[in-house]
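Colleague: show me the folded form of this:
(chains A and B)
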Amino acid sequence: AQSVTQPDIHITVSEGASLELRCNYSYGATPYLFWYVQSPGQGLQLLLKYFSGDTLVQGIKGFEAEFKRSQSSFNLRKPSVHWSDAAEYFCAVDKAAGNKLTFGGGTRVLVKP
Amino acid sequence: GAVVSQHPSRVICKSGTSVKIECRSLDFQATTMFWYRQFPKQSLMLMATSNEGSKATYEQGVEKDKFLINHASLTLSTLTVTSAHPEDSSFYICSARADTTSGGAADEQFFGPGTRLTVL
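Modeller: Numbers count the residues shown, from 1 in each chain, chains lettered A, B, ... in the order given. Next up, the predicted model:
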């Protein structure tokens, strides 16, 4: 069975500082990889996805993620966070066609002024 | 952009009663919708895949008689929690995959804002 691990439950970062959220997956082949953001009262929003090609993926809101096959990782980064980036972030994988997403435990990001 | 709504956003009910949650795709058709459950400070767990005009596919460990899913139209799926108990209290989230997409794994799911169910 595939699993997704987000090692950091909480991360606090100062506004303007860089942010990196870790995601590791366990699955024999390369799955389809996603990052979602969940803000209070709103549905999950897709930040970016990877399924093939360039391993550095650009997303919305200034986020990017890098797929590293050797490390089974798909870490999310943002060079300079804004207060509005405070939210819960979820990494998800889908091993095959069907959109059956398996989510990681989530990382809550707090942004200090 | 594609919008998915859920109704109600919050519901409190007594133990033993049934609660229906609606999931609607507002500006697109969705043959396939998904229902997730999220416990406090935990991740989303897929409960079932809802297919318009056919029976839902439930994930292992999810009681199909407990969580009834009806996908009667291309824009509406409902989840009914029957004979609810306090342990059913949770945050229920639906998502929809637009029919214009190819149906592969890389297609985006659009998520609703969720419904918080509290069973007293």
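
Colleague: all helices of chain A, in order?
Modeller: Secondary structure of chain A, counting by DSSP state H: no helices present.

Colleague: residues of it that sit close to chain B?
Modeller: A:32, A:36, A:41-46, A:49, A:51, A:90, A:94-106 (Cβ under 8 Å from any Cβ of the partner chain). The way it works is simple: take the backbone N, C-alpha and C, and place the C-beta from them, glycine included.

Colleague: go with 10 Å
Modeller: Counting by Cβ under 10 Å from any Cβ of the partner chain, chain A comes close to chain B at A:4, A:6, A:9, A:31-34, A:36, A:38-46, A:49-52, A:88, A:90-106, A:108.

Colleague: distance of residue B:72 from residue B:54?
Modeller: According to Cβ to Cβ, to the nearest Å, residue B:72 stands 11 Å off from residue B:54.

Colleague: list the residues that contact both of these two?
Modeller: Taking Cβ atoms under 10 Å, 6 or more residues apart in numbering or on different chains as the contact criterion, no residue touches both residue B:72 and residue B:54.

Colleague: rewinding a little: can you flag the buried ones in the residues of chain A next to chain B?
Modeller: Applying 16 or more other Cβ atoms under 10 Å in any protein chain shown to these, the neighbour count classes A:4, A:6, A:31-34, A:36, A:38, A:43-46, A:49-51, A:88, A:90-95, A:99-106 as buried.

Colleague: which ones among the residues of chain A next to chain B are found in strands?
Modeller: When the residues of chain A next to chain B are checked against strands (DSSP state E), the matches are A:4, A:32-34, A:36, A:38, A:45-46, A:49-50, A:88, A:90-94, A:102-103, A:108.

Colleague: excluding its backbone neighbours, what's nearest residue A:69?
Modeller: Here the nearest residue to residue A:69 in space, its sequence neighbours aside, is residue A:30; by Cβ to Cβ, 6 or more residues apart in numbering or on different chains that works out to 6.4 Å.

Colleague: that neighbour: neighbour count?
Modeller: 15 (other Cβ atoms under 10 Å in any protein chain shown).
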